[in-house]
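> compute the structure for the input listed below.
(4 chains, ligands or ions: 4)
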Amino acid sequence: MSSPVERDIVSLGAPAAHAGPAALPSDRWWQRLLRQPWACAGVVIVLVAVLVSLAAPWLAPYDPTTGVGGDKLLPIGSDGHLLGTDDIGRDVLSRLIWGGRTSLLVGFLPVVIATVLATVLGLVAGYAPELVSGILMRVVDILFAFPTVLFAIAFAALYGPGLWPVVLTIILAAVPYLTRVIYSEVKAERGKEYVEASRALGASGAAVLFREILPNVSAPIIVYATTWAGGMIVFAASLSAVGIGVQPPTADWGRMVADGAKLFALGAPQLSLLPGLIITLVATALNWVGDGLRDALDPYHS
Amino acid sequence: MTTTLLQVDELRIGFRGRREVTPVVEGISFHVDRGEILAIVGESGSGKSVTASAVLGLLPERSSTVSGSVRFAGRELLGLSERSLNTVRGSGITMVFQNPLTSLDPSFRIRSQFLEVIRSRRGVGEEEALAVASRWLETVGLSDTERVLGSFPHELSGGMRQRVVIAFAAVNEPDLIIADEPTTALDSTVQKQVLDLLLSLRRDRGLSVLLITHDFGVVSHTSDRVIVMRAGRIVESGRTADVLADPRHDYTRTLVGAVPTLGSRAAAAGAVVSGSSAGVTTAGVGAGVSRPPAGAATADGSGADEDALRAEHVVKSFDVGSGRRRRTFRAVDDVSFSVRRGEVLGLIGESGSGKSTLARIATGLVPPSSGSVTVFGRSAEQLGSAAERRRFRRDVQLVFQDASSALNPRRRVVDQIAIPALRLGVATSRAEAREQALSLLESVHLPRSMGQRYPHELSGGQRQRIGIARALSARPRVLVLDEPTSALDASTQAQVLRLLHELRDELSLSYLFISHNLSVVESFCDRIAVLDSGALQEVFPAEDLASGERGPVTRGLLDAVLR
Amino acid sequence: MIRYAVARVASAVLVLLGVSAVVFAVADATPGDPLAGQDTQNMTEEQLAGLRAAYGLDRPPVERYLAWLGQFAIGNWGTSLSGGRPVTSLVLEPFANTLVLTVAAVLLCLVFGTLIGAVAGFRQGSVADRISMGVVQIGHNAPTYWFGVVLVGVFALWLGWLPASGMRDLRGDGGVVDLLRHLALPAVAASFGSMLILARLVRSKIIDISHADYIRLFRSLGISPARIRARHYGRNTLPTVITITGLQIGALMSGVLFVEKVFVWPGIGTQLFNAIAAKDFLVIQAGVMLVAVTFVTVNLITDLTLDALNPRLRTPRRTA
Amino acid sequence: ACTASTDASSTASVEDPTVIVALPTEPTVFDPNRQYSYDTFRIDRHIYETLITEDLSTPAEDGTPELVPGLAESWDVSDDGRTFTFHLREGVTFSDGTPFDAEALDVNVRRFTDPDFEYFDEESQARMSGVFATLESTEVVDDHTFSYTFTDPFLAFPRYVAQGNYVQGVFSPAALEEYGNDGLADHPVGTGPYTFVERKANDHTTLERNDDYWGDAPVAEKLIFRTITDESARASALRTGDVDIIANPPADAIDELAQSGYGTPDNLGAANIDFYAFNWANEAVQDVRVRQAIIKAIDRQGLVDTVYSGHAAVARNIYPLSNEAFDEGQTDADFDPDGARALLEEAGYEDGELSLAISTYVPKTAEYIQSNLEDVGIDVEVRTSDWLTFSQNIADPGDDVALQPMSWGLLTADWLRVAYSGYVTRIGDGGQYIDAAVPEAIDAAAANADQDSYVQSFQEANQLAIDEALWVPLASPSVGWAYSDRVTGFVSPGQNWVDLTTVGLSE
Ligand SMILES: Nc1ncnc2c1ncn2[C@@H]1O[C@H](COP(=O)(O)OP(=O)(O)OP(=O)(O)O)[C@@H](O)[C@H]1O
Ligand SMILES: Nc1ncnc2c1ncn2[C@@H]1O[C@H](COP(=O)(O)OP(=O)(O)OP(=O)(O)O)[C@@H](O)[C@H]1O
Ligand SMILES: [Mg+2]
Ligand SMILES: [Mg+2]
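Residues are numbered from 1 along each chain as shown, chains lettered A, B, ... in the order given. Ligands and ions are numbered 1, 2, ... in the order given. Next up is the predicted model:
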């Protein structure tokens, strides 16, 4: 009979050969994302929207900002105006094509910036000692209690109405929300043992937060942020409807809906329906991407 | 009338990868008769837990494939709907999962969870259910039932949680209990108590048990038959006595041969230590560090400055309960000890005696309520600069008892190991860190391909070894190991222990080694400390463990060891 | 816990002070004259100066702020700049009306958001999941104003089931049923904005929980799926639900402006908006303070509840 | 479209009905000396009465509403046009029982004129100065005779007295005493056909019939005025029967409403005119050729058809249709893009060289005009803001802004003077860039004490204003109303407000 040690040597090679799913080349998150049909559809829709917006000068058949008085309110399918014209005779198709530029910018940019800011704030506040986190969260509370519209009006008054006040407003409006979501997730997470383990392994506060906890709270962040983005296209439209946002005659989906809503029951529902549907579609697509991303980053999701 | 209760035929289990299904169980068949206890032993990662889960339809639906047949009391379980399965689960079959530490809902007190379990199968009032619960907790050796019932899971020690789960499984008197390593976190006394409980249930109620274990003591004490699994297949099966006495298959022989036995310290230690290190690479760990002066390891009288780890009058108390039931509980009570450079100090004691708490304090993760801990003269609480802190972290490492919880669920295995190494400055580049991590995986007997997995895709023993590899990657000078091999089969355990031994010899590492397995403690440690209800009972050289003059606690533990 | 609660309440007062100072500063910093919007074109400079003095607008901002603070604290909220009505009569009732709408919307959001999120989480990809999520997606992503117009078009104009606007039937005596009928559409419109957020986060949480070992344990013990959902999923998603609900009360309060506009709900949003644009400081301050008190209270309750719900925070943390 | 009156005879009418009216803006304050905004006056003219009033029972088509006695049974004007003596109606009491007489009127006047008066109110003084700035003295001649004397001839005064803002509705001195200067707004007490019941901010105001009213008893028991700012919400409220009458129905919806049987009387002659005022600080428009070019470039007919959906009359001078000085023959330049281009060239602007901005709160009109102007080579940027922000900046919108939309008007010929000082003098001090003859002519007309040539002298001044292209009149819109077919007795006069005392409901 041989000694245990020798037999161990024999057995050493064996498990390696067997040990289950072998040398899986690690697939990246975006590969996992694209493997999900809904997320894929979402990516495609968002991409198309972005590309069409970028290519607007070449794609749009008419100038989106000028119309001809005589041709107003043409129905869908009119000669020369595939999707008809609006109440001052501008080509709806052209306006839709151009309209994504501001809408997408306003939907994405501030949310991205706010997400980054809020993630840092929320992580720090959730993990820092009580005093620091208390102060941080109270500052967030102040932002919170502050009416968004007041920001909007103040920015518009200071910098003139336009896109930037809206972007700033959305950032300031979104930060407290996202921060609180992340904050409470972090608080729930920080007591877990892997966090303790990472500290044992020498992780500094920042490393614990960003390398260990962040990936584990990424799901709500992604979900929350992608949900916001869609809503913000709409919010920006609401702001511009009261004169703070995008300036006419710039085409903007949100504004088209707001302006068209008045004609909704008066025989021209398409004027608000078309841009409304597009906003909904893009926002929904974004939500799909969000859900997909969430799942792609979820190690349990195969 | 057939006496077969559970009949498993040609069971195949695979996990879906991106393109292909990877088989982990490749057509196994076995059966459990009424009133029979069948033990499954086998290599870590051989598919034991997965098989158990498959029987009750508890494998993740999306990522796994199951085929073959599982018949319980004549009824096919595979393919049953969740609702039909529910009539079997709980009253027909219950299960004790391998990882008891995360099995309880963290949001509810034990009382509430227990009542739920009891009342799901019996129409009893709260009062009565509570009485039943208390009785069962006592039966599994949890005498402070009031405190246990009023605790949240995280307030209980590993062994306490494991016993709670066992009580859950048994309380509704099922026909079959599938127990996956049910006693890994238990000291020998309690282990025996629990196993005897199973035996008595079998005797009185005709209970059948499918017992998955690594512990041959448990196997021989409890089971009627045993099957041995390796690499997804059954390599041997038969009556327990036959298999143990005369193992046929090579693997079984290896396994049985690797079991350390109590009272043979010199022999066992010798066998392990003298083995060649062929096939085991320590490259990722020991490179570039010179050997310490020979003999330092076991010398008893070295000076105090040679103390690697030193605890003085350490006390830790917790506030437990709520409202009027609130009280202070001393988990660690004025403990002082030291571990010398190159020494292995074993720490034993009953479940819940404060070992894990002490381990956390020793590694500076938790500040003691009073008293102090120093590592090479430095106290964890007085670390000034970041560099100093990193140095301290490098010096002392902890292998967590709850291997699963201590792994970041969103990080691949290789990075679990590589990133801390990089952070602590052990490796200088990402590639180097990864390479070291992969070779460490090999050192703990895991294939390099494991590196690509996420923690939840591993077996219990695999996770435990990741924890060890991770702690080693820091190249610590002091290593606190909290039940590091409880989920490992004997041969893998021997492998890991030998690795630790070699490292100690090469690098003069010091270990604080916590374990319930007295034979391992005896063979691996230089000295042994015994903890009882938070207080240190005695410290003695390992050779003296089996000698007559041990205190009552130690003797109790010794007496209960299953041979 | 008690000490923590007391400290939090104290800090809430500081937050309110902070809010009032920031609001005052921002309102003051924005260019424009409170009197410009009041058809004062025909007045001479002296007349305007007289009007300004009458409102105390000629004093330096800090002085005005402190004077306001002192008066506000003792319950004297002053007289509106745009025409001399007492501020209380301008803000208290609208605020109460907004609260009514907000509470209704939050309840809707809470019930349906959680339900839909749960369906989506438990039955990922099922027809019920896709349809309910789809509806909420549309409700959320459709511009509030447009959505409101459509709701009115369908339920008030076309079907004639519900009133199109206002808070009560001015001809009737306005019982609870009347209020509910008027609440229905605006509450639905308002709740959609937040429902999606709640639904999606609940979905995400439920998927997370479904991987947990304790779910597997209770399944293995034969606890019925319904019970596991109600109890274990329920309890463990609760923190998420509470966080989001707390947040969305805030979102709803500041977001109802547009809903108030379409449904002609006599709430604080409209009032604040007008006051802000008119630079009617006292109304802005009073309105914002009321809203801020609500937010701060909600946040406080949310935080305390979350802490109470987190077992690891109930006893001193291990990682003290 | 006038179906209501015919129906009234055939169907039984509701006894003591409650009539609900939706207005587009929230009333300011029911304090006759502090209020501004005509929506406020639309409500509280039923509470407070004026000495002279307008005959609102004639529809807009019949032209400028006549002045008729109100709280004064008659009035005399001195030959120098400076003193106005009112013979007050006897036996009138305020709804709180206080008698109305010259003393009561004196309290009203002293509140905004006499700094020594106990209830003198600075704010009232400032606001009322719009009309009373040149008031020299007043006199209680006897119990029921009261006179005002102005420093200069002021023949417009009687018309002003009948109108909304800056003009006294008469309140009860007892109420002032009881509630103070600030309290009056929430406790309005007058002599009118209705009394105040309650006001809910941003929601509604309720008035109740004054049973002791001296005149004909009003039909409706209660009048409720709701604020519905959103125009489509206003239309919906009418459709669902939430309200009976709405003011300013959305132009897009008028035809549709008319088809469904709602009364939608146009009142193109109401006191309003929509026009663009120049910002005289903008260099380009200081040149009369540029101003004329802009007028020529704008297709006003197209604008009325498109933006107003036809519910407006093209405006060719600053006087609204119902103004006493309105003369159809006075027109500014015709639509003539080529002419416009030529003028621009003459002024030194090649195609595309001129760029300017429009600051506005009504983007649609601005967008329309933007495209008109771009057609003649003017590069236009439109800046939209909300009304209040917009109005803050009217006086100084920034030098690049050349045009701002205005919407206002009065029925008195004096409107020209008001417009001149409000839109030429105050916005960038435009007087320096135009022929001095214009202001001279306006001042002369205002100082004209001769009743017979008074209006004509303003028309002459107006012609000079047209030649100088002082503004861009766009449209005389219908400040319309829409009401359900149950409403009886509703008349839409050539004025921005209506008399609701005759309005009732049929079953
Ligand atoms: N979710 C999963 N995805 C992929 N592979 C898995 C998954 N779960 C388990 N495995 C693999 O299946 C094999 C069998 O695992 P199982 O847990 O049954 O091992 P075991 O015999 O219980 O081992 P141990 O004694 O270490 O607990 C292991 O190689 C493991 O890595
Ligand atoms: N956070 C806590 N709050 C309250 N009590 C705690 C807490 N952590 C540990 N305890 C208690 O302290 C005692 C010691 O726990 P510890 O985990 O150190 O035991 P152990 O010796 O490691 O047991 P085992 O062998 O079962 O792992 C137990 O009774 C446990 O219930
Ligand atoms: Mg296992
Ligand atoms: Mg332990």
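
> tell me the domain boundaries of chain C?
Chain C breaks down by automatic domain parsing into domains covering C:11-73, C:88-319.

> which stretch among those domains comes nearest chain B?
Closest to chain B of the domains of chain C is domain C:88-319 (Cβ to the nearest Cβ; 1.9 Å). Where C-beta positions appear, they are placed from N, C-alpha and C, glycine not excepted.

> and that closest one, does that touch ligand 3?
No - using Cβ under 5 Å from the ion, we find that domain C:88-319 stays clear of ligand 3, coming within 12.6 Å at best.

> how far out from the middle of the chain is that domain?
With Cα atoms, centre = their mean, to the nearest Å as the basis, the distance from the averaged C-alpha position of domain C:88-319 to the chain average is 8 Å.

> now stretch D:170-180
For stretch D:170-180, the distance between its averaged C-alpha position and the chain's averaged C-alpha position is 27 Å (Cα atoms, centre = their mean).

> quick one: contacts of it?
With Cβ atoms under 8 Å, 6 or more residues apart in numbering or on different chains as the contact definition, stretch D:170-180 has outside contacts at D:31-32, D:48-51, D:71, D:94-98, D:100, D:103-105, D:107-108, D:111, D:119, D:184, D:186-191.

> pLDDT below threshold where in the chain?
Looking at chain A here, since you left the chain open. Within chain A, the ranges that satisfy pLDDT under 70 run A:1-27, A:66-72, A:160-161, A:240-243, A:247-249, A:264-267, A:301-302.

> wrong one, I was asking about chain C
Low-confidence segments of chain C, defined by pLDDT under 70: C:1-2, C:30-48, C:51, C:54-56, C:82-84, C:173-174, C:255, C:277, C:312-320.

> spatially central residue for it, please.
Within chain C, one residue has its C-alpha closest to the average C-alpha position: by Cα atoms, centre = their mean, that is residue C:253, at 2.2 Å.

> one step back: can you narrow the contacts of stretch D:170-180 to ones near chain B?
The subset of those within reach of chain B, by Cβ under 8 Å from any Cβ of the partner chain, is empty.

> quick one: which of those residues sit in helices?
Counted as lying in helices by DSSP state H, out of the contacts of stretch D:170-180, are D:103, D:104, D:105, D:107, D:108, D:111.

> any idea how far residue D:209 is from residue D:193?
From residue D:193 over to residue D:209 the distance is 7 Å, taken as Cβ to Cβ, to the nearest Å.

> the two: which is more packed in?
Here residue D:193 and residue D:209 are set side by side on neighbour count (other Cβ atoms under 10 Å in any protein chain shown), and the busier one is residue D:193, at 26 against 19.

> around the closest residue to residue C:133 other than its chain neighbours, how many other residues sit close by?
Counting by Cβ to Cβ, 6 or more residues apart in numbering or on different chains, residue C:120 is the residue found nearest to residue C:133 once chain neighbours are left out, at 5.4 Å. Residues within reach of residue C:120, counting by other Cβ under 10 Å, total 25.

> any idea how far residue C:120 is from residue B:438?
Distance check for residue C:120 against residue B:438: by Cβ to Cβ, it reads 40 Å.

> quick one: the strands in the stretch 251-400 of chain D, in order.
With DSSP state E, counting those that start in this stretch as the definition, the stretch 251-400 of chain D shows strands at residue ranges D:273-278, D:312-314, D:354-360, D:378-384.
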